[in-house]
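**Student:** Predicted model and sequence below, questions to follow.
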Amino acid sequence: MSEHNSEKHAPASVLAAASHASEEESVRPPLIERVIRPQDADPKRARRSERMIALFFLLSAVGTIGFIAAYVAYHPSNSTSETQSSNVWLGASLALTLAGLAAGIIGWVRWLMPAHETVQERHGLASSEDELTDAAQVVMTGFDETALPRRSLLKRSLGLSLGLLALPPIVILRDLGPLPEKKLRTTLWEKNSPLLNAETGKPVKLGDLAVGSFTTVVPKPVDDMTPEEYAKTPVLLIRLEPGLNKPFPGRENWAYQDHVAYSKICTHVGCPVGLYQKQSHKLLCPCHQSTFLVPEACKVVFGPAARRLPQLPITVNASGEFIATAGFDEPVGPSFWERG
Amino acid sequence: MPLKQQEAQAVRKPNRYTDEQIADLAAYVASLGPGPAVPGKDQYTPSGADIGFGGNLFRTNCSSCHNFVGAGGALADGKDAPSLRNATDKEIYEAMLTGPGTMPVFSNNQLTEKEKQDIIAYVQDVKAEPDPGGAGLGRSGAVAEGLVGFLGGIVVLAGVAMWIGARAKRAG
Amino acid sequence: MTTIRGARPSNAPTATGGTTGARPAPTAVKNALREIDERFGTARFLKRNLNKVFPDHWSFMLGEIALYSFVILLLTGTFLTLFFRPGTNEVVYHGAYVPLQNVKMTEAFESTLRLSFDIRGGLLMRQIHHWAALVFMAAIVCHMCRIFFTGAFRKPRETNWLIGFTLMTLGIFEGFCGYSLPDDLLSGTGLRIAYGVAESIPIVGSYVAMFAFGGQFPGPDLIPRLYIVHVLLIPGILLALITAHMLIMWHQKHTQWPDAHRTNDNVVGAPFYPAFMAKTGGFFFAVFAAVALLGAVVQINPVWLYGPYNPAQVGAGSQPDFYIGWLEGTLRMMPNWENNFLGHTISWNVLVPAVVVPGVFFTLIAIYPAIEAWVTKDRGQHNICDRPRNKPGRTAFGAMMIAYFAIMLLAGGNDLIAVHFHISLYATTWIFRVAFIVLPPIVFWVTRRVCLGLQRRDLHSAHHGYETGRIVMLPNGEFIEVEAALPPQQIARMGLEYRQRSAPQLPPAVDQHGVRSPASNSPIEKVRGALGGFIYEPEVGIEPTHLDEESEHDAQERHEITSGLGD
C-alpha cells in the first residue's frame, strides 16, 4: 500500500521504472503513459464515481418502468391530445432509459476503467517480397492448370456462354413497364368533354365563376378514372377581366367570354400549378417558382419552366355548361425526348 | 387600410377607424354598386360541416398559396399569402368571397356556402388540433426538421463524443 | 517517456482496482474458451483482437453516429413493417384523426395514419425512424468531411472511401424511397418531380420513367416497388457494405492525429476490450437516446397535415428532406433553357440541375483521392491524419464543395426564406443564382489563405515559443517580453513535418543538349501540373523576429535574464 500512498502525492502521470517491471511478458498492449486519475488515487473518489454510475443506471431502470406505465396509461386513438401525451411520455421515458445507460456506461469507462495510453505496432500491411512472388507464382501455375492459355476453343466458347448469360436478367425485366408509344401525348380530354368540378363532379356553368376567379376541372368524375388517367387531366378554368385576354394567333376562339382553360400540370417537372394571382394574372407553380402569364397564353415569365402551359379550347353548350371543343394540341406536362 | 407604405405586401396594422366607422364606410360603398354583403353568422359558422371534404377543397384551391394547413407561403411580385393562424371564421368567409389583394375570388356559385363552411371548419379544426408528435416547428416542413436534425442531433452527439474522448483528469 | 515493454501495465493496484492481467483466468472461463476454440480456433483471434488499440478522439466517432443510426433504423423499421401496408388501392378513412374522416386515400396512407393515431408507440417509432434517417445522413456527411479534411482516404484506405461514397448515395436513395412510402401530398409531389426528371433524360427518358414507375404517373406498382427496395434490397446492400467498411477499418487499423509517441507505424490509444467496447457501446445508447428524445418532443413528417396524395393538389413550401433538398435547390435556380430540334427536345432546365450537377458532384467526390494521388505521385502509406491547415489546397477544395452544397440546400428553401425574412421571392432566386457562381471560388481562396496563415502561426510558435506576458528590462535599458518554449507535446500535435511540401522540381523543358523532356509536351502532364498549382504550396517560412537579428552576446545576456521566468 506504500506505493499507493506515494501515488497520491506524485505528479499526475507516473512512469513505472523498468526496474520494477515483472519478468513475465504482459498479455496486454504495452503502456506509453500510466494515467492516474483522481479515482485511481483515492478510493473514496472511486466509490463516489461508482455511486454516480449507479444513479445513472437506476434512472435508466426508472425510464423503463415509465415506458411501460405510459404505454398502459395513454391510448392515442382517444384524441389527438392523448396521441400527443402518449408519444411524449413513451418517448421521454425511452430516452431516459437509453440516456441513463449511455451516461452510466460512459462514466464507467471514463472513471473506473484504466485510462492508460497503450501502443500497438502496425506491422505493415504488405507481405514480404518472397510471399508476393510465391502468390503470383500460385496464380500463374493455377492458371496454367486450367488449360485456358492453350485451349482457345474452350476460351472462346466459354466467353460466348458467359457473355450471353448477362442477357436473361435484362430480358426478363422487359415487362416492368409499358412502352411509351403515344401514351405521353394524349389525355382524356377530347371534343365535347365536360368541364367538371374536380371535387364535386358537377359541371361548371357560365356565371359560376366571378371575375378574377379560377377553379380546377376534369373531363370525367375522378372516381371514373384510373389514377394514371386522372393525373394528367386537371385543368384550370380562369375568368379574366373583360378584354384582357390576348389570344395566341389562331386561338381566338379557344377562350369563351374571358374564360380561358389551361393545363394545371406544370411543364417543368409536373407539379400542379395551383397559385393564381388575380391582380397580376400570373400562375405560379409553388414547387420551383415557374411563372406563367395567363392573358398572354400562359407564356413563361420567370422560373425554370421552358414552355407555356398547354391550352384547352373551350366553349359553352346549350345548357350553359362549359365543354371542351377539342383535346390538347400538344402533350401535357414535362418535356421528353420524343416530344417534338 | 390605408396602406402603411407603398410596398408589395400589405401589412396588418392597428385600426384607424372604429367598428362603427367601418360599418358606415361599408354601407356607403355598398350603395355605390352591386357586390357581396357582409356575411351573417349563419353563413360563416361551420356547424355540422364536413371537415374531411373541406380539407379536400382546401388542398385543391387554397394550399398552393397558403400551405397545407394555412401557415402561409411566398408569392410572386414580392407578395406573400398570409398565415391563417389568427383568421376568424368571418374573415375566412369574407376573404374567399371577395378575394383580397391578389387572392382569387370564390363566388357562392363556385364554392357554395356549404362548401365554404366545410373549408372554414377544416382550417379551424386543424389549427386547433395539437401536434401529436411534439413541437410543431411552425408546421413548415422538412427545412426546419433538417435544421433540428443537424443542430439538435449531430451537435449534441458530437458533444457526447467530445465527453467520451476527452483527456482524463489527472490526480494531484 | 519510455515505452514500457514486457511490464504488467498496472503492477501497482490502484483504487479503481483495474488490474488487467494481474490474476490468472478462472478455470470456468478457460474451459468455455476451450470449447469454442476447439471448434473455431478462436483463442488466437481473441488474444490478438481483444487487445487491438483504438485511438481516442471525438472526431473519430462521427462514423459511429452513422453506424448506430443505421442499427436504430433497422430496429424501428422492423416495427413499422409489422403495421404498414404498401397498397395503392383506395380506402375510406374511419380512424381516429378527425380532419381526415371519410376522406378517400390509398391503403398506404391509411396504414400510416393508423400507425400514428391508433397503434400505441406507433407514432414514436415512426418519428424515431425518420429522425434516425436524418441523423444517419447528416452523420455520413460529417464523417465524410472528417475523412476528407484529414486525408484519411489516402493509401491504404482508398477502397473504404469508395465504399463510404456508395453508402452515402444508397442512403440518399433509401431515404427518398422511405419518405415516399406513406403516399402523402408532400412526398407524392416529390415522386411527380422524379418522374419528370426521368422523362427529361435524352433518348431513353420516357422508357426509364415508364419502366421504373410501371406506366404513366403515378403507376399502380410504384408504392409496392418502393417498399421492397426500401425494406429489403437497399438495406441488404447497406448491411453488406457497412460490414465490409468496418472489417477493412479493423484490419488496417484506425488513423490517428499527430502527437507525441504517435508515428506512421503505430497506434496509440485504448485497447478494444473493455475500454473501447464500453465507449462505443455507451455511444450507441447515446445516439439512440438522442433520436428517441427527438422522436418524443419534436414532430417530424406529419403526414396527416399534408393529406393523401392527389395529382391536382400541392402545398406551398414543399421541400424534401435535406439530403434531396439540395437537388430541389438546383431545380429552382436553373434558368429555363430548353432546345428543340428535328422533333426532339432536350430539357437543359431539368437535365442540368437534376442529372448533370449531381453527377459531377458525386463523381468529384468519388475520384478525388485518385486525383490527389495522381497529382502528387504519392504512393506511400498514410496512417497519420493531416491537420486541415497543413494541406491548404485540399482543405480549400473541400470548403468550396461545402459552399456549393450549402448554397444548393438553402436555395431549396428559397420560398420559406422569402416569407420569413420578407424578401421578394424572385430576388431570392437571383441571389442564389449569383451566389452559386461567385461565392465558392471566393470560399476557396479565403480558406487557402486562412490555412497558410494558421501554418505560419504554428511555425512561429514552434520556433519562437509563446509570449508569457512578463516584461523584463535588460541592462542596456531595452524592455523585452519573455518568450517561453512550447511544451514538446504541443509542438508534436502541430504535425509540422506533415505539412504540404512545395512542388517537386521538374526537369527543364529542354536540357543542356537541346533534348526536349518527354513530360514537357504531354497534355496529361500539363493538366497534372496545373492541378498541382492548387495542391502544392511554396514552403511556409518562419518569419524572422527582431530576436533573430541580435548579436550573440545580447542573446546570451537575454537568455540569462529570462531563463526560468517562463514557467
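**Tutor:** Yes, it's here.

**Student:** which regions of the chain lie under the pLDDT threshold?
**Tutor:** The chain I'm using is chain A. Low-confidence segments of chain A, defined by pLDDT under 70: A:1-25.

**Student:** oops, I was thinking of chain C
**Tutor:** In chain C, residues with pLDDT under 70: C:1-22, C:506, C:519, C:538-550, C:564-567.

**Student:** Report the buried residues of the lengthiest strand in it.
**Tutor:** Assignment by DSSP state E gives strand C:466-473 as the longest strand of chain C. If you call a residue buried by 16 or more other Cβ atoms under 10 Å in any protein chain shown, then strand C:466-473 has these buried ones: C:Y466. From N, CA and C alone the C-beta is placed, and that goes for glycine too.

**Student:** That one: partners in the sheet, and parallel or antiparallel?
**Tutor:** Sheet pairing of strand C:466-473 (DSSP bridges) gives strand C:479-484 (antiparallel).

**Student:** could you point out which element follows the partner strand?
**Tutor:** Heading C-terminal from strand C:479-484, the first helix or strand you meet, by DSSP states H and E, is helix C:488-494.

**Student:** who's in contact with the following helix or strand past that next one?
**Tutor:** Next along the chain after helix C:488-494, taking DSSP H and E as the criterion, comes helix C:518-521. Helix C:518-521 is touched from outside by C:L506, C:P507, C:A509, C:V510, C:E525, with contacts defined as Cβ atoms under 8 Å, 6 or more residues apart in numbering or on different chains.

**Student:** roughly how far apart are whichever residue of chain A sits closest to chain C and A:S85?
**Tutor:** Nearest to chain C, among the residues of chain A, is A:G91, at 2.3 Å (Cβ to the nearest Cβ). Between A:G91 and A:S85 the computed distance is 11 Å (Cβ to Cβ, to the nearest Å).

**Student:** Which one's more surrounded, those two?
**Tutor:** Each of A:G91 and A:S85 has its neighbours counted (other Cβ atoms under 10 Å in any protein chain shown); A:G91 has more, 28 against 19.

**Student:** Quick check: which element contains the nearest residue to the more buried one once chain neighbours are set aside?
**Tutor:** Excluding its sequence neighbours, the residue lying closest to A:G91 (Cβ to Cβ, 6 or more residues apart in numbering or on different chains) is C:A296, at 2.3 Å. Assigned by DSSP H and E, C:A296 falls within helix C:277-297.

**Student:** residues in contact with A:R239?
**Tutor:** Counted by Cβ under 8 Å, 6+ apart, A:R239 has contacts A:L209, A:A210, A:V211, A:G212, A:S213, A:F214, A:D258, A:H259.

**Student:** Among these, which one sits closest to A:L101?
**Tutor:** Of all the contacts of A:R239, A:L101 sits closest to A:F214, with 57.7 Å by Cβ to Cβ.

**Student:** Tell me, how many residues neighbour the closest residue to A:K278 other than its chain neighbours?
**Tutor:** Take A:K278 and drop its neighbours on the chain: the residue closest to it by Cβ to Cβ, 6+ apart is A:G212, 4.0 Å away. As a burial measure, A:G212 scores 22 neighbours (other Cβ under 10 Å).

**Student:** What residues does A:G212 make contact with?
**Tutor:** By Cβ under 8 Å, 6+ apart, the contact set of A:G212 is A:R239, A:L240, A:E241, A:K278, B:G99, B:P104, B:V105.

**Student:** Look up how far chain B lies from the second one.
**Tutor:** Right, A:L240. Between A:L240 and chain B the computed distance is 11 Å (Cβ to the nearest Cβ, to the nearest Å).

**Student:** residues contacting the nearest residue to that residue once chain neighbours are set aside?
**Tutor:** Nearest residue to A:L240 in three dimensions, chain neighbours excluded: A:D258, at 4.9 Å (Cβ to Cβ, 6+ apart). Counting by Cβ under 8 Å, 6+ apart, A:D258 touches A:V211, A:R239, A:L240, A:E241, A:P242, A:G243, A:L244, A:N245.

**Student:** Need the nearest residue in space to C:D321, chain neighbours excluded.
**Tutor:** Nearest to C:D321 is B:A142, by Cβ to Cβ, 6+ apart, at 5.1 Å.

**Student:** Can you give me the pLDDT of the one you found?
**Tutor:** B:A142 carries a pLDDT value of 92.

**Student:** now the one 10 residues further on
**Tutor:** You'll see B:G152 listed with a pLDDT of 86.

**Student:** I'd guess it is in a helix, am I close?
**Tutor:** Yes: per DSSP: H, G, I helix; E, B strand; the rest coil, B:G152 lies within a helix segment.

**Student:** State the distance from it to B:R16.
**Tutor:** 44 Å.

**Student:** Counting neighbours around each, name which of these two comes out higher.
**Tutor:** Counted by other Cβ under 10 Å, B:G152 and B:R16 do not tie: B:G152 has more neighbours, with 20 against 9.

**Student:** what's that one in contact with, if anything?
**Tutor:** Applying Cβ under 8 Å, 6+ apart, the residues near B:G152 are C:A290, C:L294, C:V298.

**Student:** Okay, it and chain A: tell me how far apart.
**Tutor:** For B:G152 relative to chain A (Cβ to the nearest Cβ), the value is 13 Å.

**Student:** hmm, which of the contacts of A:R239 are the buried ones?
**Tutor:** With neighbours counted by 16+ other Cβ under 10 Å, the contacts of A:R239 contain buried members at A:L209, A:A210, A:G212, A:S213, A:F214, A:D258, A:H259.

**Student:** mind listing what the fourth one touches?
**Tutor:** This means A:S213. Contacts of A:S213 (Cβ under 8 Å, 6+ apart): A:I238, A:R239, A:K278, B:G99, B:P104, B:V105, B:F106, B:S107, B:Q110.

**Student:** Residue 126: what secondary structure?
**Tutor:** Defaulting to chain A. coil.

**Student:** Once you drop chain neighbours, what's closest to it?
**Tutor:** A:L132 (8.0 Å).

**Student:** Would you mind listing the outside residues contacting the helix or strand bottoming out on mean pLDDT in chain B?
**Tutor:** Least confident helix or strand, chain B: helix B:41-44 with a mean of 84, by mean pLDDT, DSSP states H and E. For helix B:41-44, the external contacting residues (Cβ under 8 Å, 6+ apart) are B:D89, B:K90, B:I92, B:Y93, B:E94, B:E113, B:K116, B:Q117, B:I120.
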